[in-house]
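Visitor: Below are the sequence and a predicted model for it; my questions follow.
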4 protein chains.
Amino acid sequence: MTDDGQRPPARTRRLPRAVRERQILDAAVQVFSRHGYHAASMDEVSDVAGVSKPMIYAYLGAKEDLFAKCIGREAARLLEAVRTGVHAELPPDMQLWHGLRAFYRFVAEHREAWTVLHRQALTVGGQFAGEVNALRKRAIDLVAALVVSAGTRQGLGEAAEFSGPALAVALVGAAESLADWWLDHPDVSDGVLASWLMNLVWLGFNDLVEGKVWRPQ
Amino acid sequence: MTDDGQRPPARTRRLPRAVRERQILDAAVQVFSRHGYHAASMDEVSDVAGVSKPMIYAYLGAKEDLFAKCIGREAARLLEAVRTGVHAELPPDMQLWHGLRAFYRFVAEHREAWTVLHRQALTVGGQFAGEVNALRKRAIDLVAALVVSAGTRQGLGEAAEFSGPALAVALVGAAESLADWWLDHPDVSDGVLASWLMNLVWLGFNDLVEGKVWRPQ
Amino acid sequence: MTDDGQRPPARTRRLPRAVRERQILDAAVQVFSRHGYHAASMDEVSDVAGVSKPMIYAYLGAKEDLFAKCIGREAARLLEAVRTGVHAELPPDMQLWHGLRAFYRFVAEHREAWTVLHRQALTVGGQFAGEVNALRKRAIDLVAALVVSAGTRQGLGEAAEFSGPALAVALVGAAESLADWWLDHPDVSDGVLASWLMNLVWLGFNDLVEGKVWRPQ
Amino acid sequence: MTDDGQRPPARTRRLPRAVRERQILDAAVQVFSRHGYHAASMDEVSDVAGVSKPMIYAYLGAKEDLFAKCIGREAARLLEAVRTGVHAELPPDMQLWHGLRAFYRFVAEHREAWTVLHRQALTVGGQFAGEVNALRKRAIDLVAALVVSAGTRQGLGEAAEFSGPALAVALVGAAESLADWWLDHPDVSDGVLASWLMNLVWLGFNDLVEGKVWRPQ
DNA sequence: AATGAATGAGATTTCATTCAT
DNA sequence: AATGAATGAAATCTCATTCAT
């Protein structure tokens, strides 16, 4: 709907720096999401942005910097979206549910950003592990906090069958995996998607809280 | 003890083709796992393999082919490992549990293969989606079959709160995510890891089967 | 105390043209002396000068012109310094001695200018040979005149063992070489430096004048 | 007369590495001597060498390495030439004379090498000071040793009017300067050139040894 | 008078790929 | 069967220079 840099922005001239920077970042996210860090070329970024290469280097630095700035911006956006979606005054399960919905809405509305964050950032030899893992870690911590708060509230101790962080990791992985799946099945609403996960995870989690345990055999 | 291609294999001469091919593939997996598809160089592969570049091209084709063959071989190995681990005569939950353990054992024993399959193959812009997604799909289908068989056995229809494939996707994602997490927390046994997932997923799944449902509010 | 262009001159505005030109030239000499003609960048010059690049082009022309103007200004300064130092009414040896002292004083006080003149101007493939060689030639001619005047005064003809111009060239080379050496041994006074040269050259020269000659064997 | 890489060597194919390396170095010396380090382009080197750029990088490394190797090779050659020319069993003055002649012969026969060593290597911001200064220092030390040996042999102490190292520096500078001058006056023989210098320097030096001194006024 | 914004052109360097032996 | 030698093509990045305000 809004102009997100899909088409070369008509090669407008003499824009203020902030605007150009946004244009370039938009283009870069697009290109990186399509090809990944290494296969993306600065030439394509400059084409898509409708700006000559020297501007990119002048404003955003070398390719690595550019990528890092993409990651940084989109990570901040995603986190902000989730944070706004969660309502801290609600009970844990509702917080989780709203958070998931916000996450899926973001993925739906910013497919490219999500692709860059989820797929492309992993491949660059730990070079950008910092940026992305920080995001992931924050997400996991957030979930872990919810889980633990819910758990302790209901008297769940530290059991062999359960590990807060690991559970959070698994949940985040499941959520991400579903997000990817969703990209190819867009006919499901974000609410349904979130419900599925809640039904899978929350019910199981509640069983644990109540002392039910699955054991081999 | 086992030759994993760590050291250049002493530049032996006149080996039968099959052996050379294995040498090269081993080296390629190693190099791709370290740098990813694009950043990996054929020069490094040839160095690590202790084989000249023309041999690589003669035996395994261009870089793309080489990568595809890496993916193919490791995917087959992983699938084989899981298939061998699962005992089809057991009840679904035990099948799932054994499958997960086999999966984690494979990851532990073939970190490089897992890295190539999980991380590096994603970045190449859908070029190798075929190879990897096929594997993933087979894994998901396998899980989905288990889930559905268990579900139908207990009379669960197609409810709004539930989707077999999506459940499988989520489960696979959770398993993968935990695998990654495990790489940094190697002091947990594969059995424990698998148990965590079972407790998270299976219990929740059972609730669904029994008609329990989580709903917002 | 003196403004040597060390710090960006605070980006003052609306200065008269002559002042701006001096600012820019000072900066340019500094930058050229640090990096040489090719490695110097107009960006750095503009930064150091505290003036935008378009001003440089407007006032002093393209990079080549700028360099030529640097050379020209510093060459004129050096010549002026030497000319002022020499007292034409003195006998040749004293003229030479005072000239050398003036030269070394200039080098000490304008290291950057000297660097640009001596080192950087040589590398630009004869492009600025004109400017610099003119200076050098004037210096050599000046010395040669002294030498010849002293020689003819004492009846020295054109001998095989002697060539006025060549002697001058050698003397100038020795003086330059000592100047460079001096940059790393600043604890010697300009008088001492000049004395060394006089003792080396003048004595030898006098011997020649008197008919003494060194011959192989 | 001999093929020194003047013309592209007919693009011969599949030469052994050592030969190619020599070809490339020859071309590089030529190009660097024409344009200096910065203005020289790897493209031109590759053209002149009759070899594609990748070969240059494969065999001799990046531009900096290439330049350093040029300097290194030519410095070694020059030193070798001088060393061979000097006959250590002769008295100091004859050693100096033969050394100078050898030096001028080298300059005459390897103008390009001399240009690279003398002019171009100075401009590269001290980056190659190591290589070149080492050479210069060795030359100066060699001269200084001669001077000192001659001086002490005749009882000259450390006087204010005299400094061994400084004298050597001056002499080397004079020799270099004459070498440059010679490039434009090739009708003088190397013997004559060397004689001039000997007459200028050695006589003056002998005066000093004998206690004669020039003093201002 | 002065400059932020902008770029065409060209530099170095790397890589996948193939001959010729 | 095996490889050292070789390259076309393309990537990243920089710089001198100018426009539009």
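Guide: Received, thanks.
Visitor: Give the burial count for the one residue in chain A that gets nearest to chain D, as a bare number.
Guide: Of all residues in chain A, the one sitting closest to chain D is residue A:62 (18.3 Å; Cβ to the nearest Cβ). Glycine gets a C-beta too; all of them are placed from N, C-alpha and C. By other Cβ atoms under 10 Å in any protein chain shown, 11 other residues sit near residue A:62.
Visitor: roughly how far apart are it and DNA strand E?
Guide: 13 Å (Cβ to the nearest atom of the strand, to the nearest Å).
Visitor: ok, now residue A:93?
Guide: For residue A:93 relative to DNA strand E (Cβ to the nearest atom of the strand), the value is 49 Å.
Visitor: Who are the contact partners of that residue?
Guide: When contacts are counted by Cβ atoms under 8 Å, 6 or more residues apart in numbering or on different chains, residue A:93 is found next to A:150, A:198, A:202, B:214.
Visitor: Over to residue A:90?
Guide: Residue A:90 neighbours (Cβ under 8 Å, 6+ apart): residue A:98.
Visitor: for it, helix, strand, or coil?
Guide: When classified by DSSP: H, G, I helix; E, B strand; the rest coil, residue A:90 comes out as coil.
Visitor: Give me the phi and psi for the closest residue to residue A:118 other than its chain neighbours.
Guide: Excluding the flanking residues, the one nearest residue A:118 by Cβ to Cβ, 6 or more residues apart in numbering or on different chains is residue A:176, at 6.2 Å. Dihedral pair for residue A:176: phi -60, psi -40, per degrees, to the nearest 10.
Visitor: and stretch A:194-202, does that touch chain B?
Guide: Yes: residues of stretch A:194-202 contacting chain B under Cβ under 8 Å from any Cβ of the partner chain: A:195, A:196, A:197, A:198, A:199, A:200, A:201, A:202.
Visitor: And the lengthiest helix in chain A, what's buried?
Guide: If you go by DSSP state H, chain A has its longest helix at helix A:129-153. Using 16 or more other Cβ atoms under 10 Å in any protein chain shown as the test for burial, helix A:129-153 gives A:131-132, A:135-136, A:139-140, A:142-144, A:146-148, A:150-151.
Visitor: again, but for stretch A:14-24
Guide: So for stretch A:14-24, counting by 16+ other Cβ under 10 Å, buried means A:20, A:21, A:23, A:24.
Visitor: about what we covered before: in this model residue B:177 seems to touch the residue nearest to residue A:118, though I could be wrong.
Guide: Yes: applying Cβ atoms under 8 Å as the test, residue A:176 and residue B:177 come out as touching, 7.1 Å apart.
Visitor: Identify each buried residue in stretch A:182-200, please.
Guide: Quick answer for stretch A:182-200 (16+ other Cβ under 10 Å): A:182, A:190, A:192, A:193, A:194, A:195, A:196, A:197, A:198, A:199, A:200.
Visitor: Switch these over to a markdown table; also include pLDDT, distance to residue B:54 and secondary structure.
Guide: A markdown table is the format used below for those (pLDDT from 0 to 100; distance: Cβ to Cβ, whole Å; DSSP: H, G, I helix; E, B strand; the rest coil):
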| residue | pLDDT | distance to residue B:54 | secondary structure |
| --- | --- | --- | --- |
| A:182 | 89 | 45 | helix |
| A:190 | 91 | 53 | helix |
| A:192 | 90 | 55 | helix |
| A:193 | 90 | 51 | helix |
| A:194 | 91 | 54 | helix |
| A:195 | 88 | 57 | helix |
| A:196 | 87 | 52 | helix |
| A:197 | 88 | 51 | helix |
| A:198 | 87 | 57 | helix |
| A:199 | 83 | 57 | helix |
| A:200 | 81 | 52 | helix |
